[in-house]
Structure formats: structure tokens, C-alpha cells
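Q: only the shape, not the letters, is given here:
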């Protein structure tokens, strides 16, 4: 069974466990049990838990920033609007879980800081492309990002029609 599982399989399972049960679920034994294999398979792919955690955080940075940015850039002539729809319309369990983990772990904290900087830089760029002066774009990007974080960390579901109205209003506010 060890040869059939890849490191990617473990990372996917780890991300699911993290989103569902928090960072304390990121241990070889419970993950192996959930996957129906021995923990030896885990250690076949990762030297230790630290290496596994580093791989999880790297993947989170890829899916929570780089993949979203690439998708927005590839698919929209209104990238800021697309980014808002994507960000506020997403399931944010993993976002909350990583940020909670960062309160207890220096590596997770570093990953959160890096992704926050990447996201802010991207939002600033989008606002500058819309004609805002750099200082104004920087301030509005920060406000927009704080809005997103508040939304993400609240975990409160918003009905789709209301969410759309909120996204439209946010777009008007940051673009004015």
C-alpha cells in the first residue's frame, strides 16, 4: 500500500483533516487510520511531522493565493470583481484552520504572513490598474483585505443574494 500512496495523497488528506479538525489532527497515526494504511507509509514520504507540516503549508500557499491569482488572471477582464467573487464565495474552513494553527506554530505563522503579503500586493496591483494612486491603492487594499479576513474568520454563512450585494458594494467602495 505504501507504494500506491504518494506524498500528494498525504498532503490532500492532511488539508482535509486540518480544515475539519484543526492542526491537532495533523499526526501520522490518525491520518494513516483515516486513509486505511500504516503510519509507515507516512514516513516513507516525509522524514518527520515537521517536513509534512512544511509541505502542507507550501500547498496551502499555492491553493490559497497562487492558484486563485492565476485563475483570476486567466479568466476575467474584471479581475478585481472576479477576485471578490472567488474570495468571498469560497469555503473558508481551511483559511480559519491555518490561521488558528499560526497562533501556536512559528512555521504556520510565517506561511500566513507570506500569504497575507502576497495577497495584499496583488490587490494593490489590481487597484492601481483601475487608476488609483499607489498610496490610495495600498490603503484600500489593506481595508479590503481586513474585510475579507473578518468575513473568513467569522464563519457566518451569508445567503447568496445578500453576499452578491455585499460584494458589489465592496467593489464600489474600493474603486471609488
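A: That came in fine, so what should we check first? In this text the structure is predicted, and so the values were computed from the model without any measurement. Numbering: from 1, shown residues only.
Q: which of the residues in the helix or strand harbouring residue 172 are classified as buried?
A: Assigned by DSSP states H and E, residue 172 falls within helix 160-175. Of the residues in helix 160-175, 163, 167, 170-171, 174 count as buried by neighbour count, 16 or more other CB atoms under 10 Å. Where C-beta positions appear, they are placed from N, C-alpha and C, glycine not excepted.
Q: with distance to residue 133 and pLDDT added, can I get those residues in CSV?
A: Formatted as CSV, the buried residues of helix 160-175 follow (distance: CB to CB, whole Å; pLDDT from 0 to 100):
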residue, distance to residue 133, pLDDT
163, 30, 91
167, 24, 92
170, 20, 93
171, 18, 91
174, 13, 88
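Q: out of those, which comes closest to residue 141?
A: Using CB to CB, the shortest approach to residue 141 within the buried residues of helix 160-175 belongs to residue 174, at 7.9 Å.
Q: the residue nearest to the closest one when sequence neighbours are not counted in helix, strand or coil?
A: Of all residues not flanking residue 174 in the chain, residue 140 sits nearest, at 4.6 Å (CB to CB, 6 or more residues apart in numbering). Recorded secondary structure, residue 140: helix (DSSP: H, G, I helix; E, B strand; the rest coil).
Q: close enough to count as contact, residue 140 and residue 132?
A: Yes - contact criterion CB atoms under 8 Å: residue 140 and residue 132 qualify, at 6.7 Å.
Q: any idea which residue sits dead centre in the protein?
A: residue 64 (3.2 Å; CA atoms, centre = their mean).
Q: please enumerate the helices of the chain.
A: 7-21, 28-35, 39-45, 49-61, 67-75, 79-89, 93-102, 106-129, 134-154, 160-175 (DSSP state H).
Q: check which helices and strands the last one sits against.
A: Counting contacts by 3 or more CB pairs under 8 Å, 6 or more residues apart in numbering; DSSP states H and E, helix 160-175 is packed against helix 79-89, helix 134-154.
Q: that older thread, burial count for the residue lying closest to the residue nearest to the centre of the chain once chain neighbours are set aside?
A: Leaving aside its sequence neighbours, residue 64 sits nearest to residue 115 (CB to CB, 6+ apart; 6.0 Å). Neighbourhood size, residue 115 [other CB atoms under 10 Å]: 20.
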